[in-house]
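**Student:** below are the sequence and a predicted model for it; my questions follow.
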Amino acid sequence: MSYSDWAIAPYDGDLDWELINENPSFSNRIDHALVSFDNKLWVLGGYDQGARDHDPYMEDVWASSDGVIWTCITEDAPWKGRRGHEVIIFKDEMYLIGGFAVDEDSGIRNYQNDVWKTIDGENWSEVTAEASWPARFKHQVVQANHGGTDYLYLLTGMGMNEEGYGQYAVVYYNDVWRSTDGETWTEMTSSQDIGQRSTAAAFVNPESNRLYIVGGLYLVIFDDGADSSYDGKPSANWDKMWYTDDGSTWNYTGFGTSTRADNQIEYYEDRFWVLPGRSNSIAHINYNSGPEYYSTYTYNGSSWTKDSESSGVGARYGYAAAVHNNKLWVIGGRTADDGPDNDVWAGELQ
């Protein structure tokens, strides 16, 4: 049975979703980045495992003011083929942080802890080639003002343990770092373990600057192999929602939006919108087998509301989302069409 054999109910929530461009100029991709900057939408990098006519790891940058017409700003950004990276607008510049990179010229492929920035998407400067946090991908980066200072926060993610092999070489991080410039990073210490995870959703309330993290993926190893760097069991409540008001003290809320991973949560029209994802179990990667993975929720800072049992963009994960021109945008990802897609959707509050 293929993914396309599954069908989900029509979306009946508060957003009016429109397919803006079914097949834009850029190729299919997952694990890419999407931001709104300088009155444009920007798509950066990504991975297309089904690529036949181009390298599957992409270092391209595309921009559009309306989501319909896209312009290639560069096909060869210096951060090379990149997936699972984070791009964020900070102090009026685009910052690209971490990810998994493949240089098709040299063949070198590595998890990265580099930081790059740009003001135009074409000319990039390397802020640091090796930040103090361990190299990783599928981490989260957000901006929050704590104590009157604007910080970049980097949370969790996935990397490799050089001393392990196979499944034991995988490392899931539960750390939190912050920086005022993208170059110098400080690890935040906490007595609370927010859980080892990757592909989680991190988001910030722009009114209170409260920082949240929820969901994600963790590889459970059920034996105590000699090369395992951890005991194989996730910390209690690791997949639920945690929050902090200062970057150090974390509080467990006791609830979340199901056990989904590889999804996005965006702040739009005074509430957070929880978009589709997949199961957080490696053994069950199906992302549209039940509404717990594709249903749409909203969160107002204190309570959850189910917007719809369905999704206005179908069942998908590994996509990118952003708010632009008073609309909520979703681009690409792995969809019910048996692989990566490049479709462009926009949702507007009715």
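**Tutor:** Structure received. Quick caveat: nothing in here was measured; it's all calculated off a predicted structure.
**Student:** which SS class is the closest residue to N205 other than its chain neighbours?
**Tutor:** Ranked by Cβ to Cβ, 6 or more residues apart in numbering and with sequence neighbours excluded, the top spatial neighbour of N205 is G301, at 5.9 Å. For glycine as for every other residue, the C-beta is placed from the backbone atoms N, C-alpha and C. Secondary structure state of G301, per DSSP: H, G, I helix; E, B strand; the rest coil, is coil.
**Student:** list the contacts of G301.
**Tutor:** Counting by Cβ atoms under 8 Å, 6 or more residues apart in numbering, G301 touches N205, E207, S208, R210, F272.
**Student:** just the buried ones from those?
**Tutor:** Buried subset of the contacts of G301 (neighbour count, 16 or more other Cβ atoms under 10 Å): N205, R210, F272.
**Student:** tell me the spacing between the second one and H139.
**Tutor:** Which is R210. For R210, the distance to H139 under the criterion Cβ to Cβ, to the nearest Å works out to 20 Å.
**Student:** my guess is T118 contacts E126. True?
**Tutor:** No - in this structure, T118 sits apart from E126 without contact. The criterion is Cβ atoms under 8 Å, and the distance is 10.6 Å.
**Student:** what ranges do the helices span in the stretch 151-300 of the chain?
**Tutor:** For the stretch 151-300 of the chain, the helices defined by DSSP state H, counting those that start in this stretch cover 291-294.
**Student:** okay, T118 and E126: which has more neighbours?
**Tutor:** Neighbours were counted for T118 and for E126 using other Cβ atoms under 10 Å; T118 has more, 23 against 13.
**Student:** quick check: phi and psi at the nearest residue to that one once chain neighbours are set aside.
**Tutor:** By the measure of Cβ to Cβ, 6+ apart, the closest residue to T118 outside its immediate chain neighbours is W124, 4.7 Å from it. W124 has phi and psi values of phi -110, psi 140 when expressed as degrees, to the nearest 10.
**Student:** may I have the beta-bridge partners of L41?
**Tutor:** For L41, the residues forming beta bridges with it (DSSP bridges) are S36, S64.
**Student:** just list the residues touching it, thanks.
**Tutor:** By Cβ under 8 Å, 6+ apart, the contact list for L41 reads L34, V35, A63, S64, S65, G67, A322, H324, W329, I331.
**Student:** reformat those as a markdown table; add neighbour count, distance to N161 and pLDDT.
**Tutor:** Converted to a markdown table, those look like this (neighbours: other Cβ atoms under 10 Å; distance: Cβ to Cβ, whole Å; pLDDT from 0 to 100):
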| residue | neighbour count | distance to N161 | pLDDT |
| --- | --- | --- | --- |
| L34 | 22 | 31 | 99 |
| V35 | 22 | 31 | 99 |
| A63 | 20 | 38 | 99 |
| S64 | 22 | 40 | 99 |
| S65 | 14 | 44 | 98 |
| G67 | 20 | 41 | 98 |
| A322 | 22 | 33 | 99 |
| H324 | 20 | 39 | 98 |
| W329 | 23 | 36 | 99 |
| I331 | 29 | 33 | 99 |
